[in-house]
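> got a predicted model here, sequence first, then my questions.
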Amino acid sequence: MKIVPFKAVRPARDKVALVTTRSYDEYTPAELASQLDYNPFSFLHVLNPAYLNQQKLSEAVRFKAVHTRYTEFKDDEVLRQEATPVFYLYEIQSKSRVFTGIIAGTAIEDYKQNRIKKHEDTLPYRVEYFKDYLHQTGFNTEPVLVTYPQHKGLEEWIIARKQRRPLYLFSSLNRDKHTLWRIRDEQEIAWIQEQFSGMESLYIADGHHRSASSELLFDQYGQDGNASLGYFMSFLICESNLKIYEYNRVVSGLNGLSARQFVEALEVDFEVTNRHLELWKPEQKFEFGMYLEDEFYSLKLRDTAFKSVLEALDAQILYDKILHPLLGITDLRNDGRIDYIPGSRPITTIKETVDEGHCTVGFMLYPASIDEIKQLADNDLIMPPKSTYIEPKLRSGLVVYEL
C-alpha cells in the first residue's frame, strides 16, 4: 500500500480556528449566514464565493469563482503552503471520544486494484460533478476517511508523537478540541510509509464519491504530467478508532394498511413487543425498534439464518422484510416516502418527527460492525443506501490538497 506526503496548504497559525469549518452541507441557513456575515476568514467564503452579492452562478462560473477566492486567501496569507511534502497527525477530541489519524496521499493505483476497498455505491452524476469541481478549482479539502487494521507499531508511534509540541491546538464552536502535528522528518516519513507498505488492504469508511471522482479525474487528466492526480487526500485511521452509527428510517404512510394490520403483518417475521412509552432502541444485531402511533415497539427477527453477509445486514433485513414487501418502497434513494436520521441524534428525534405528522412510522436499527463492512467490501458487495453514519467528521479548510 502506497501513501505519500504532500505540500499541503493550511491556515496561518493565528487564524486556524477562524478558517476551518464543518462540511458546507451541515450548516443551517442561519448558521451559514452568521459565519459568512461576521467571519471574513471562514473557508466558507471560498466554498460559497457568491454569498456577498447573492448571485446564482452556473457551474463553470461558480467553480472558477471558488478557485479565485481560494487564490485570494493564499495571496492574503490566510492560507500558506508547506515548503516540503509532509504528513500530519491529527486528533479530534469530543466530550465522549478521541479520534486520531494520519493525513496523507493514497494511491489511485491501489484504489483501482481494489486494495483500497469500497462498501457503498456511487451516483455517476455526483462523481462527474465533483470531478469537474476538482479539475476547475484545483484543490480538495475533504479527506477520504480510510481505515487500516490494528497495528502495534503505529499505535505506539502515535502515542509517542503526541507528546511533542503540535502545530495547531484549537477548539471549534461545537467544543471539539483539534490538535495537528506536522511530520516532516524524512526518516519518520519513510518509516510511516514502510508500515503501510506491508498492509494488504485499506477500507473506505466515508468518502466513496470523493475517491471515485479522484479516479475519474486521474483517468481523464493523469497523463498530463501532474503527479498529484495519482493520489487523493485521506485521513488514515485505525479501524478500532471509528465510531459507527446506524442510519434510522422514518416512513410516510403504511401502504394502505391500518396500524393494527401493519403490526399483525410484522409478526410473521418478528417477535413484536409493545414497549409503550419506553424510549427503546435495539441492543443487539437482528433487533429493530419501531415508533408508531405514540408507542415504541421492539422487533426481534425470528429466523437469523442467512446465506451472505449482505442478506444478514440489518439495513438489508429491514428492506427485505418490511420496507419493500409491506410498505411498497422499492427505491431507497429516491422514494419520497422515506427519510433517514443518523443514529448520532437522540431517539427522541424520531418520536418528534412522527408526532409532528411529518412521517407515520419510525424504525431504529442496530449499527453495523467494522467486520460486516470489511466482509462486504472483501466480497465486492454494496450496502443499501444510508446504512452507516461514521465518525469522525473532518473539517474543511484545515488541510488542502492541491491538484
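Okay, I see it.
> the closest residue to residue 306 other than its chain neighbours: how many residues sit nearby?
Take residue 306 and drop its neighbours on the chain: the residue closest to it by C-beta to C-beta, 6 or more residues apart in numbering is residue 312, 3.9 Å away. Placement of C-beta: from N, CA and C, glycine included. Using other C-beta atoms under 10 Å, residue 312 is surrounded by 17 other residues.
> also residue 21?
Neighbours of residue 21 (other C-beta under 10 Å): 24.
> can you tell me which residues contact it?
Counting by C-beta atoms under 8 Å, 6 or more residues apart in numbering, residue 21 touches 27, 35, 42, 43, 44, 47, 395, 396, 397.
> you'd agree the residue nearest to residue 306 is in a helix?
No - secondary structure of residue 312 (DSSP: H, G, I helix; E, B strand; the rest coil): coil, not part of a helix.
> now it: phi and psi?
Per-residue torsions, residue 312: phi -90, psi 0 (degrees, to the nearest 10).
> and the pLDDT at it?
Residue 312 carries a pLDDT score of 97 in this model.
> that one and residue 329, how far apart?
When C-beta to C-beta, to the nearest Å is the yardstick, residue 312 and residue 329 sit 20 Å from each other.
> over to residue 248?
Here the criterion is C-beta to C-beta. By it, residue 248 lies 15 Å from residue 329.
> and what of residue 155?
Plainly put, residue 155 is 43 Å away from residue 329 if you go by C-beta to C-beta.
> tell me which of those two has more neighbours.
When residue 155 and residue 329 are compared for neighbours, residue 329 comes out ahead with 18 against 14, by other C-beta under 10 Å.
> tell me the secondary structure at that one.
Looking at residue 329 with three-state DSSP, the answer is coil.
> just the strands in the stretch 251-400 of the chain please.
All strands of the stretch 251-400 of the chain, identified by DSSP state E, counting those that start in this stretch, fall at 270-276, 287-292, 295-301, 338-342, 361-364, 388-391.
> closest one to residue 114 among those strands?
Of all those, the one in closest proximity to residue 114, counting by C-beta to C-beta, is strand 388-391 (19.9 Å).
> now what about that closest one, what contacts it?
97, 99, 145, 205-206, 242-247, 342-344, 367-368, 373.
> what do you get for stretch 303-322?
Residues outside stretch 303-322 that contact it (C-beta under 8 Å, 6+ apart) are 246-247, 249, 266, 269-270, 282, 285-286, 288, 301, 329, 332, 363, 365-366, 368, 372, 375-376, 379, 381-384, 386-387.
> mind giving me the ChimeraX select for those, buried ones only?
The ChimeraX selection below is limited to those of those classed as buried (16 or more other C-beta atoms under 10 Å):
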select :246,247,249,266,269,270,282,285,286,288,301,329,332,363,365,366,368,372,375,376,383,384,386,387
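> the contacts of stretch 303-322 in helices, which ones?
Counting by DSSP state H, the contacts of stretch 303-322 place 266, 372, 375, 376 in helices.
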